[in-house]
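[1] I'll drop the sequence and a predicted model, then ask my questions.
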Amino acid sequence: MSALCGIWGRPYIDLASSIDTSCFAELHEEIVYGLSRVDVSYTGGSLKWMNVVAPWVQGDGYVDYGHVIEGFSCDEFVRFVSLTDDPTKFDVERRASYRFGDETDHPLTREQMLYLKYKYGVYFPWKACYHLLENDLWEDKHSGEGKDFGEEAQREFPRTVAFIRSLPFREIGRCVIFGIEAHDHAPLHRDSEPGQTLQIAQSISFDPGGNKRFVLASRDGGARTPSRAQSTGSTTWTITASSPTRSSATRCASTESSSRRSSRSSSRARGRGRSRPDRRSGRRGGARRSRQPRPR
């Protein structure tokens, strides 16, 4: 029995015996090639401000943009919002009332992300974030209603999309590729507050590259369990699926840490539906602008 009892008395479940991973080498090659052809975004730069990191991470010295923005002067705020799509929407006198970034009404533009990084040294753990299947809000990541994989995603990542669709879920509400650059790390964190909802947030993660370092930690950090499985009830290239109605066998226990690349999909189980535009309302996983497909 592990000190971390996340799933059936275990910290995580290795799903290799239940899911065919023989295609992972092909998926890894498709993902690294595809990411070079699409627009990716940053994410994770406000985890401290959102208070979802492990307690000891708060003091690690890496700059969080939520804290930076809270301290803006009038001039700093004006300069910052000048990098939004419509600066006229913001009143400098009400700057303390606005929230920017992940899970807010004002996702960061690419220009704002780069400005925060260059000017204030903000650390974004995931610098390659791409939504294969969009979700508008963190709360709707388990529902596949009205959602489908984007046209660009199906064109650039056809094998990956086919693999995800083959999973035994009724619907998929969120599917994201996360990538961490060389020498970067993901801070220990959790994606939701235990006990805040009646339903269990299910998710599955995959690491097609087989080179992700992943660890689960206890609340005080005293017990840590590394995972080397390529498919778990949570794992970076990662594909996560979440379901509030399934048993917790498909759910990764709590926090995750460093790795190289990742794609994650949240779902209830497998679904089909019409595609819908990204409304850019606060969803975790970075903001992507509406755009026409690039000529190939």
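    That came through fine. No experiment lies behind these values; they were computed from the predicted model shown.

[2] okay, now N135: neighbour count?
    When neighbours are defined as other CB atoms under 10 Å, N135 has 26 of them. Every C-beta, even on glycine, is put in place using the N, C-alpha and C of the backbone.

[3] that one contacts R174, correct?
    Yes - the pair N135 / R174 is scored as a contact, 4.2 Å apart, by CB atoms under 8 Å.

[4] okay, P208 and E134: tell me how far apart.
    As defined by CB to CB, to the nearest Å, P208 lies at a distance of 21 Å from E134.

[5] now do L83
    Look at L83 and E134: by CB to CB, they are 23 Å apart.

[6] quote the end-to-end distance of stretch 116-127.
    13 Å (CA to CA, to the nearest Å).

[7] so which bits of that stretch are buried?
    L116, K117, Y120, V122, Y123, F124, P125, W126, K127 (16 or more other CB atoms under 10 Å).

[8] among these, which ones are in strands?
    Among the buried residues of stretch 116-127, DSSP state E puts W126, K127 in strands.

[9] select, from the buried residues of stretch 116-127, the two members most distant in space.
    Greatest spatial distance among these (CB to CB): Y120 and W126, at 18.2 Å.

[10] more neighbours, P208 and E134?
    Neighbour count, other CB under 10 Å: between P208 and E134, P208 has more, with 29 against 22.

[11] from what I can see the more buried one touches S22, true?
    No - contact status for P208 versus S22: not in contact, 11.1 Å apart, counting by CB under 8 Å.

[12] where exactly do the strands run in the chain?
    Using DSSP E, the strands of the chain run over residues 41-43, 126-133, 172-179, 189-190, 203-206, 214-217, 224-227, 231-232, 255-256, 261-267.

[13] packing partners of the fourth one?
    So that's strand 189-190. Applying 3 or more CB pairs under 8 Å, 6 or more residues apart in numbering; DSSP states H and E, we find strand 189-190 packed against strand 255-256.

[14] quick one: mean pLDDT over the strand it packs on.
    The average pLDDT for strand 255-256 rounds to 30.

[15] then stretch 173-188?
    Taken as a whole, stretch 173-188 has a mean pLDDT of 89.

[16] what does stretch 79-97 give?
    In this model, stretch 79-97 has a mean pLDDT of 96.

[17] tell me which of the strands of the chain lies nearest to R10.
    So among the strands of the chain, strand 224-227 is nearest, using CB to CB, at 8.9 Å.

[18] need the helices for the chain, in chain order.
    24-35, 65-70, 74-81, 110-120, 151-156, 158-165 (DSSP state H).

[19] mind checking which of the ones you listed is nearest D102?
    Closest to D102 of these, according to CB to CB: helix 65-70, at 9.1 Å.

[20] run through the stretch 151-296 of the chain and note the low-pLDDT ranges.
    192-202, 223, 227-296 (pLDDT under 70).

[21] looking at it, R190 is touching N51, isn't it?
    No - taking contacts as CB under 8 Å, R190 lies outside contact range of N51: 10.2 Å.

[22] okay, the two: which has more neighbours?
    More neighbours surround R190 than the other of R190 and N51, with 16 against 12 (other CB under 10 Å).

[23] for the more buried one, which residues count as its bridge partners?
    Beta-bridge partners of R190, counted by DSSP bridges, are T255.

[24] quick one on the thing from earlier: quick one: which of the buried residues of stretch 116-127 is nearest G45?
    F124 (4.2 Å).

[25] these two touch, right, that closest one and G45?
    Yes - here F124 reaches G45: they are 4.2 Å apart, a contact under CB under 8 Å.

[26] isn't G121 up against V63?
    Yes - using CB under 8 Å, G121 is in contact with V63, at 4.9 Å.

[27] that concludes my questions; thank you for your assistance.
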